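>>> coords please:
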Amino acid sequence: MSTDVEAPHDGTTTAPGASASSATRAATRESLEDYTLRFAPRSYRKWGAGVVATSALGGIAYLADFSIGANAGISYGTTNALLGILVAAVIIFVTGIPLAYYAARYNIDLDLITRGSGFGYYGSVITNVIFATFTFIFFALEGSIMAQGLELGLHVPRPLGYAVSTLIVIPLVIYGMKALSKLQVWTTPLWLVLMVVPLAYLLISDPSSLSTFFAYTGKDGSGSGVSFAPVMLAAGVCLSLIAQIAEQIDYLRFMPPRTDANRRSWWRAVIIAGPGWVVFGALKQAIGLFIAVYLIATLDPAASATANEPVHQFLGVYERMMPGWLAMTLAVILVVLSQIKINVTNAYSGSLAWTNAFTRVTRTYPGRLVFVIVNLVIALALMELNMFDFLNTILGFYANCGMAWIVTVAADIGINKYLLGLSPKHPEFRRGMLYAWNPVGVVSLLLAAGVSIAMFFGAFGAGIAPFSAIFAVAIPIVATPLMAVLTRGRFYLRRTDDGIDLPMLDADGNPSDVLLRCHVTGLEFERPDMLLSAEAAPDGSKQYISSLALATDKTGKYVLPEQR
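Numbering: from 1, shown residues only. So this is what the prediction gives:
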């Protein structure tokens, strides 16, 4: 059997006579499909801005928004729920802008952005776990919704439906970005028709449903007026979705280079598919609440028991439009299609997060498929434990962790990089260039998450608990720049020189596509992925190494010394 490294399909080449360890070779081959551990090179990014944006937005086809909106309205009334949705959407949109820009401009995922934005090489492992948790919580939520549809339409027992909704995504997610982009682009038109038509039908056939909707005061009638506490409780549940920007970024990192010719379309795609996802998400939450109120008001007040389940929401409307058998068929198709579209993204992004964290800690690359299975097993366990019945509590708790992370990174980019100049503007992610830990982000995250979670569970009194989301957002905005000032930016860069006398960016400010040979793998990688190896060649000349090879190096002999 030959031990030569195969020439990858994306234009990366193999140097003659080079060899590599089997572990590094395996990591290299697999990561060339989905770029699990590193930046996405220009040679792979062949999609136009529109295709990338459509693929990214295809991942927000989930129906959890309908449940979240319905739950908020049933608990706090229409007015308070809508205000909470609006507050959450504004926060998510504003914090998502710098993250989406960095991902699309420098072609790196949120973990790589986080490393150089206040957390350090190992510090961002904490946020990887937070993101991985997001993916399996929402996989379980979406899988529960699919199981509800299978039970209602096909009489599949719910525990079996949970297993089906989990197993069905595995064949789709193992192939990475190429397969996912095709799935999202081709299924989006059908999904839009199935979702939009019922809403249009209700508004046209029953205009009075709007006044009924705005007059709804919640299940117990307590939401008769605007109240700050219920608004913030609703916002807290909606803010659990703040980490969705990380999944959007898993697509946006494949954006084409920005040039003068495509500047407008590039920015349009970044904004719409990046922070703009929340506009569609907020609309879905409002629609879910609207349909739930309609069902409760026009069919049966007891319908509130299932009005938060999307399959019942759409079935209830479809049945007014068409024969029962067709209504059931379309409702099940919508639910299954929506859940497949989002859960392939949840499984894909979760596997990237787990793999990245595991590889950095152990310097062993087990293969992304291993963590696809890990993520799905955890999600299946949550479904079997009937997490849907505790949705508000789970999402409200998780929101505090997600907000603490996302707002910390956004504050580091927006304030520390661009206002204070204490954080390097160019994102650094390579081992050896960063300190292992940076107290700027780590302290801000732990402080914000710790205080807000304690508030959420009533540690400061029941009257303060509803406002935990405010503190999860406010603390990082203050703590992140404060920590940067106190540390004087000392812990961002371990080195300022990577030893390569070539520019990192091209004339348009995009990552350079100049190729350099990695002496460990024998492959040639693009300039931003490379740095000087601490091990010189036998003849004493310089050798270069890829960030991927460094990530799996257990000896540390290739890591450059600290620069003082």
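>>> Tell me where the chain has strands.
Remark: strands assigned in the chain by DSSP state E are 515-517, 524-526, 530-532, 544-546.
>>> What ranges in the stretch 151-300 of the chain fall below the confidence cut-off?
Under the criterion pLDDT under 70, the flagged ranges of the stretch 151-300 of the chain are 174-185, 187, 223, 299-300.
>>> what's around Ala229, how many residues?
Applying other CB atoms under 10 Å, we find 15 residues neighbouring Ala229. In this view, the C-beta of every residue, glycine as well, is placed from N, C-alpha and C.
>>> follow-up on the earlier one: which of the strands of the chain is buried the deepest?
strand 544-546 (a mean of 26; mean count of other CB atoms under 10 Å).
>>> which helices and strands does it pack with?
Taking 3 or more CB pairs under 8 Å, 6 or more residues apart in numbering; DSSP states H and E as the contact definition, the neighbouring helices and strands of strand 544-546 are strand 530-532.
>>> For the strand it packs on, which helices and strands make contact with it?
For strand 530-532, the contact count by 3+ CB pairs under 8 Å, 6+ apart identifies strand 544-546, helix 547-551 as packing neighbours.
>>> looking at those, which has the lowest confidence?
Comparing mean pLDDT across the helices and strands packed on strand 530-532, the weakest is helix 547-551, with a mean of 87.
>>> mind checking which of the strands of the chain is nearest Val278?
For Val278, the closest of the strands of the chain is strand 524-526, at 32.1 Å, according to CB to CB.
>>> in its sheet, what does that closest one sit against?
Strands that pair with strand 524-526, judged by DSSP bridges, come out as strand 515-517 (antiparallel).
>>> How about Gly350, nearest residue that isn't a chain neighbour?
Counting by CB to CB, 6 or more residues apart in numbering, the nearest residue to Gly350 once its immediate chain neighbours are dropped is Thr135, at 3.2 Å.
>>> For the stretch 351-500 of the chain, just list every one of the helices.
Here the stretch 351-500 of the chain has its helices, by DSSP state H, counting those that start in this stretch, at 368-384, 391-411, 439-456, 468-487.
>>> Actually, the stretch 51-200 of the chain.
Taking DSSP H, counting those that start in this stretch, the helices of the stretch 51-200 of the chain run over residues 64-76, 78-106, 110-114, 124-154, 158-167, 170-173, 177-205.
>>> ok, back up a step: for the residue nearest to Gly350, which residues are in contact?
Taking CB atoms under 8 Å, 6 or more residues apart in numbering as the criterion, Thr135 is in contact with Glu247, Asn346, Ala347, Ser349, Gly350, Ala353, Asn375.
>>> Isn't Ile378 up against Ile137?
No: when contacts are counted by CB atoms under 8 Å, Ile378 is not listed as touching Ile137 (9.1 Å).
>>> one step back: nearest to Ala56, of the helices of the stretch 351-500 of the chain?
When those are compared for distance to Ala56 using CB to CB, the nearest one is helix 391-411, at 16.8 Å.
>>> Just the CA trace of the closest one, in CSV.
Presented in CSV, the C-alpha positions along helix 391-411 are these (Å, rounded to 0.1, in the frame of the first residue of the first chain):
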residue,chain,number,x,y,z
LEU,A,391,-38.4,24.6,26.6
ASN,A,392,-38.5,28.0,28.1
THR,A,393,-36.4,27.0,31.1
ILE,A,394,-33.7,25.3,29.0
LEU,A,395,-33.5,28.2,26.4
GLY,A,396,-33.6,30.9,29.1
PHE,A,397,-30.7,29.3,30.9
TYR,A,398,-28.7,28.6,27.8
ALA,A,399,-29.2,32.2,26.5
ASN,A,400,-27.1,33.6,29.3
CYS,A,401,-24.1,31.5,28.2
GLY,A,402,-24.6,32.2,24.5
MET,A,403,-24.9,36.0,25.1
ALA,A,404,-21.9,36.2,27.3
TRP,A,405,-19.8,34.6,24.6
ILE,A,406,-21.1,36.4,21.5
VAL,A,407,-21.2,39.8,23.1
THR,A,408,-17.7,39.4,24.5
VAL,A,409,-16.3,38.6,21.0
ALA,A,410,-18.3,41.4,19.4
ALA,A,411,-17.1,43.9,22.0
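>>> same for that helix, what does it pack against?
Contacts of helix 391-411 with other secondary structure elements, assessed using 3+ CB pairs under 8 Å, 6+ apart, are made with helix 64-76, helix 78-106, helix 110-114, helix 124-154, helix 228-238, helix 439-456, helix 468-487.
>>> in the longest one, what's buried?
Right, helix 124-154. When burial is assessed from 16 or more other CB atoms under 10 Å, helix 124-154 yields the following buried residues: 124-128, 130-153.
>>> The third one now?
Within helix 110-114, the residues that count as buried by 16+ other CB under 10 Å are Leu110, Asp111, Leu112, Ile113, Thr114.
>>> chain center to that helix, what's the gap?
Going by CA atoms, centre = their mean, to the nearest Å, the spacing between the C-alpha centre of helix 110-114 and its chain's C-alpha centre is 11 Å.
>>> what's in contact with that helix?
Contacting residues not belonging to helix 110-114 are listed as 38-39, 99, 102-103, 106, 124, 127-128, 131, 245-246, 249-250, 352-353, 356, 405, 409, 413, 427, 429, 441 [CB under 8 Å, 6+ apart].
>>> Equivalent analysis for stretch 151-160, please.
Residues outside stretch 151-160 that contact it (CB under 8 Å, 6+ apart): 147-148, 150, 161, 164, 311-312, 315, 328-329, 331-332, 384.
>>> Pull out the buried residues from these.
When those are checked for burial by 16+ other CB under 10 Å, the buried set is Ala147, Gln148, Leu150, Gly161, Val311, His312, Leu315, Met328, Ala331, Val332.
>>> Surely the first one touches Leu141?
No: applying CB under 8 Å as the test, Ala147 and Leu141 come out as separate, 10.8 Å apart.
>>> Please produce a markdown table containing the helices and strands packed on strand 530-532, extended by distance to Leu233.
Listed next are these as a markdown table, based on distance: least, CB to CB, whole Å:
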| stretch | distance to Leu233 |
| --- | --- |
| strand 544-546 | 48 |
| helix 547-551 | 42 |
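>>> Ile170: which of these is closest?
helix 547-551 (25.1 Å).
>>> C-alpha coordinates for the closest one, CSV please?
Taking Å, rounded to 0.1, in the frame of the first residue of the first chain, the C-alpha atoms of helix 547-551 are listed here in CSV:
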residue,chain,number,x,y,z
SER,A,547,-1.7,25.5,11.3
LEU,A,548,-3.3,22.0,10.8
ALA,A,549,0.0,20.2,11.4
LEU,A,550,0.7,22.4,14.4
ALA,A,551,-2.7,21.6,15.9
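>>> Quick one: list the elements packing against it.
For helix 547-551, the elements it packs on are helix 22-34, strand 530-532, judged by 3+ CB pairs under 8 Å, 6+ apart.
>>> count of neighbours near Trp325?
Applying other CB under 10 Å, we find 8 other residues in the vicinity of Trp325.
>>> For Gln339, see how far away it is.
Trp325 sits at a distance of 22 Å from Gln339 (criterion: CB to CB, to the nearest Å).
>>> ok, now Ile470?
As defined by CB to CB, Ile470 lies at a distance of 32 Å from Gln339.
>>> Ok, Leu369 next?
21 Å.
>>> ok, the closest residue in space to Gly281 that isn't next to it in sequence - contacts?
Distance criterion CB to CB, 6+ apart; nearest residue to Gly281, sequence neighbours excluded, is Asp65 at 5.3 Å. Contacts of Asp65 were listed using CB under 8 Å, 6+ apart, and they are Leu241, Gly281, Lys284, Gln285, Gly288.
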